[in-house]
Structure formats: C-alpha cells, structure tokens
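Engineer: Dropping the sequence and predicted coords here.
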Amino acid sequence: MPLQIVHHPDYDAGFAVNHRFPMSKYPLLMEALRSRGLARPETANLPDPAPACWLKLAHAPDYVEQVLACEVPEKIEREIGFPVGPRVSLRAQLATGGTVQAARLALQHGIACNAAGGSHHARRAQGAGFCTFNDVAVASLVLLAEGAIQNILIVDLDVHQGDGTADILKGEPRAFTFSMHGDRNYPVRKIASGLDIALPDGTGDAAYLERLASILPELAARARWDIVFYNAGVDVHAEDRLGRLALSDNGLRARDEMVIGHFRALGIPLCGVIGGGYSTDVARLAARHAILFEVASGYA
Ligand SMILES: [Zn+2]
C-alpha cells in the first residue's frame with residue numbers, strides 16, 4: 001500500500017507571493033511529491049471541509065461561527081496574521097477535514113499524511129500565529145467523540161511551542177501533548193503542554209537528535225497509544241526565517257526517521273501533518289516539507 005496523502009487544491013488560499021505566510025508552498029509541495037513519485041492517483045485523498053460540529057469540539061462556538069461567516073473581529077485577525085475571507089475560511093475547514101481524514105487513513109493503514117495541517121497556535125477561544133483552526137486538536141476530539149480510539153499522543157516538533165493544542169486539550173486526559181521547540185521563539189507566553197522541552201538557539205542536528213532519542217521511549221511508554229499525531233514543522237531548519245534551531249536537511253530527515261520509525265516499530269498508527277515552514281525560497285521550503293512524505297512512504 002503506497003503512502004496515502006490527503007490534499008486539496010484549495011489548501012492554497014492564493015496570498016500574494018510576498019506575503020509573510022508562504023501560501024504557495026502547498027501547490028509546490030504537491031509538485032515536489034509528484035516529481036518524487038509519491039503523489040499519484042492511487043495515493044490521493046480529497047478532504048471535505050470540517051463541519052461546524054467538529055470545529056466546535058475544539059473551539060468556542062462563537063469563534064467558529066465568526067470564521068464560517070467570514071466575520072472574525074479585526075483584533076483576532078491581527079493575531080492570526082491575515083484577514084479571514086472566504087478562501088482563508090475554506091482552507092481552514094479543508095485543512096482540518098484533511099487531518100481528520102489522514103488520521104482515519106492512519107488507523108486503517110498504519111500511516112498517512114496530510115499535505116497541510118499543524119495549526120497548533122489556534123486556541124479554544126480563537127486563532128493566532130497563522131493558525132485559524134487547530135486541525136490536530138479537532139481531529140483528536142472527533143476520534144475520541146466517535147469512540148474510535150482511547151489514547152492519543154501528540155508529538156509536536158515544529159520550532160514554535162504548541163500552545164493552542166495544549167490549551168484545547170488540557171482538560172482531556174485521553175490526549176497527551178508533547179512539544180519540543182525553540183525556547184526563544186513565538187509564542188512569548190507559552191501554555192504548558194503535557195511535556196515541554198525548550199531548546200536554546202542554534203541547537204543543531206546532533207544535540208537536537210540526541211534529546212529527541214532520549215525522550216521518545218519515555219513518551220511511548222506513557223500509555224497504550226492508539227494513534228500519534230506528528231507535527232513535522234520544518235521551521236527548525238537553519239535557513240528558516242522564523243526558526244532558531246539550525247537543523248540541516250539531513251537533520252530533518254533523521255528527525256522524521258527517528259519519530260516515525262520509533263512509533264511504527266511499536267505498531268502505533270501515525271498521522272503526519274506538515275506544520276510550519278517559512279522561507280522566501282518557497283521551492284526549497286516545499287522540498288523540506290517533502291522529507292516527511294519521503295520518510296513516511298518507507299513505512300507505508
Ligand atoms: Zn512553527
């Protein structure tokens with residue numbers, strides 16, 4: 001079974017090329033996956049937009065309604081980092097539906113990835129930090145509500161701390177949040193995860209991978225996990241505009257291999273989401289995001 005990939009053309013909300021959020025990375029990622037033979041008709045899965053009843057499991061009902069109606073107050077739009085018009089609203093619903101679908105495919109096949117997702121700064125009350133809806137938190141709560149699974153582990157290796165996911169899932173004992181991130185990165189006020197590891201600027205491949213290798217067995221042993229959500233943000237890369245951890249391409253690949261290999265060796269289903277990545281060279285950025293899919297395809 002080839003790696004199942006969830007994607008929708010409307011993941012790209014069509015921002016101007018010079019926007020601080022590199023929206024064109026979504027189509028370029030798919031191009032990279034096609035050129036690597038990973039995106040093919042038999043690996044393609046088209047998500048439906050997440051319905052309001054799913055979104056409201058994780059987010060305040062009034063905020064969900066504001067996003068669906070494209071009537072988000074300006075103050076919140078400023079915190080998100082862009083206005084929430086029809087295309088942004090649709091992409092947020094699709095990316096969230098995509099992570100739910102990828103999680104279901106992971107439960108079915110052992111592993112699957114969404115070619116978007118990892119919007120981990122969206123809190124229960126509102127979006128923030130380029131994140132409108134928290135797809136991983138929504139997917140976790142949908143699967144729990146359906147009784148599909150009992151124990152969820154979230155491994156968030158985006159360079160930024162997973163404050164929104166921690167906020168939404170803090171009262172949910174069946175979901176455990178782990179975030180390893182740059183100490184001096186956004187958000188300034190972090191919301192405590194189940195376990196947080198804050199790394200110093202310029203950490204680099206060796207120290208990063210050593211820390212990760214030491215924590216994975218402990219995470220795996222905490223419960224009988226039914227699924228792992230893996231946020232494979234590439235903003236840990238040395239050339240990322242927003243990251244500070246100085247990983248190389250090889251470091252990224254070793255990281256993904258370590259995480260995916262660890263949980264798949266234990267037979268635990270894994271749902272990958274791409275997380276953050278910010279670079280003016282969007283083609284190279286897309287190639288960095290493609291590493292997750294290259295590694296994951298080795299376990300499909
Ligand atoms: Zn990030």
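Structural biologist: Right, received. Where do you want to start? Numbering: from 1, shown residues only.
Engineer: And stretch 124-136, what's buried?
Structural biologist: 124, 126-136 (16 or more other Cβ atoms under 10 Å). Just so you know, the C-beta spots here come from the backbone N, C-alpha and C atoms, and that holds for glycine as well.
Engineer: Grab the two from those residues that are most spread out in space.
Structural biologist: 124 and 130 (17.6 Å; Cβ to Cβ).
Engineer: Could you report the neighbour count for the nearest residue to residue 279 once chain neighbours are set aside?
Structural biologist: Excluding the flanking residues, the one nearest residue 279 by Cβ to Cβ, 6 or more residues apart in numbering is residue 285, at 4.1 Å. By other Cβ atoms under 10 Å, 25 other residues sit near residue 285.
Engineer: Give me the phi and psi for residue 285.
Structural biologist: Dihedral pair for residue 285: phi -60, psi -40, per degrees, to the nearest 10.
Engineer: Cross-check the contact I'm expecting between it and residue 277.
Structural biologist: Yes. Between residue 285 and residue 277 there is a contact under Cβ atoms under 8 Å: 5.0 Å.
Engineer: Find the residues that touch each one of those two.
Structural biologist: Shared contacts of residue 285 and residue 277 (Cβ atoms under 8 Å, 6 or more residues apart in numbering): 22, 25, 234.
Engineer: Rebuild those as JSON lines, extending it with neighbour count.
Structural biologist: Listed next are these as JSON lines, based on neighbours: other Cβ atoms under 10 Å:
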{"residue": "22", "neighbour count": "20"}
{"residue": "25", "neighbour count": "26"}
{"residue": "234", "neighbour count": "31"}
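Engineer: I'd like a version of those residues in TSV, one that adds secondary structure as further columns.
Structural biologist: What follows is the shared contacts of residue 285 and residue 277, written out as TSV (DSSP: H, G, I helix; E, B strand; the rest coil):
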residue	secondary structure
22	coil
25	helix
234	coil
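Engineer: Could you tell me which residues of this structure lie near the ion?
Structural biologist: By Cβ under 5 Å from the ion, the residues of the chain that approach the ion are 158, 160, 233, 235, 276.
Engineer: Could I get the full set of helices for the stretch 1-150 of the chain?
Structural biologist: Under the criterion DSSP state H, counting those that start in this stretch, helices of the stretch 1-150 of the chain are mapped to 25-35, 52-58, 61-68, 74-80, 86-109, 135-146.
Engineer: which of those is buried the deepest?
Structural biologist: helix 135-146 (a mean of 25; mean count of other Cβ atoms under 10 Å).
Engineer: Give the full set of residues in contact with the closest residue to the ion within the stretch 201-300 of the chain.
Structural biologist: Of all residues in the stretch 201-300 of the chain, residue 276 sits closest to the ion, at 2.7 Å by Cβ to the ion. By Cβ under 8 Å, 6+ apart, the residues touching residue 276 are 118, 130, 158-160, 233-235, 242.
Engineer: let's see it at 10 Å
Structural biologist: Applying Cβ atoms under 10 Å, 6 or more residues apart in numbering to residue 276 gives the contacts 21, 118-121, 129-131, 158-160, 185-186, 231-236, 240, 242-243, 289.
Engineer: Now intersect those with the strands, please.
Structural biologist: In this view, the contacts of residue 276 that belong to strands under DSSP state E are residue 231.
Engineer: From the contacts of residue 276, list just the buried residues.
Structural biologist: The buried subset of these (16+ other Cβ under 10 Å) comprises 118-121, 129-131, 158-160, 185-186, 231-236, 240, 242-243, 289.
Engineer: Tell me how far residue 137 lies from the ion.
Structural biologist: Shown here: residue 137 relative to the ion, a distance of 16 Å by Cβ to the ion, to the nearest Å.
Engineer: right, and that residue touches residue 127 too?
Structural biologist: No. The criterion here is Cβ atoms under 10 Å, and residue 137 misses it with residue 127 at 12.0 Å.
Engineer: overlap in contacts of the two?
Structural biologist: Common neighbours of residue 137 and residue 127 (Cβ under 10 Å, 6+ apart) are 59, 119, 164.
Engineer: wait, which of these is closest to the ion?
Structural biologist: Distance ranking of these against the ion, using Cβ to the ion, places residue 119 first at 9.9 Å.
Engineer: I figured that closest one hits residue 130, correct?
Structural biologist: Yes. Using Cβ under 10 Å, residue 119 makes contact with residue 130 at a distance of 7.6 Å.
Engineer: Can you pull the residues that touch both of these two?
Structural biologist: The contact lists of residue 119 and residue 130 share 80, 276, where a contact means Cβ under 10 Å, 6+ apart.
Engineer: Pretty sure residue 117 sits against residue 273.
Structural biologist: Yes. The criterion here is Cβ under 10 Å, and residue 117 meets it with residue 273 at 3.3 Å.
Engineer: For the two, list the residues in contact with both.
Structural biologist: 6, 95, 98-99, 102-103, 135-136, 139, 229, 231-232.
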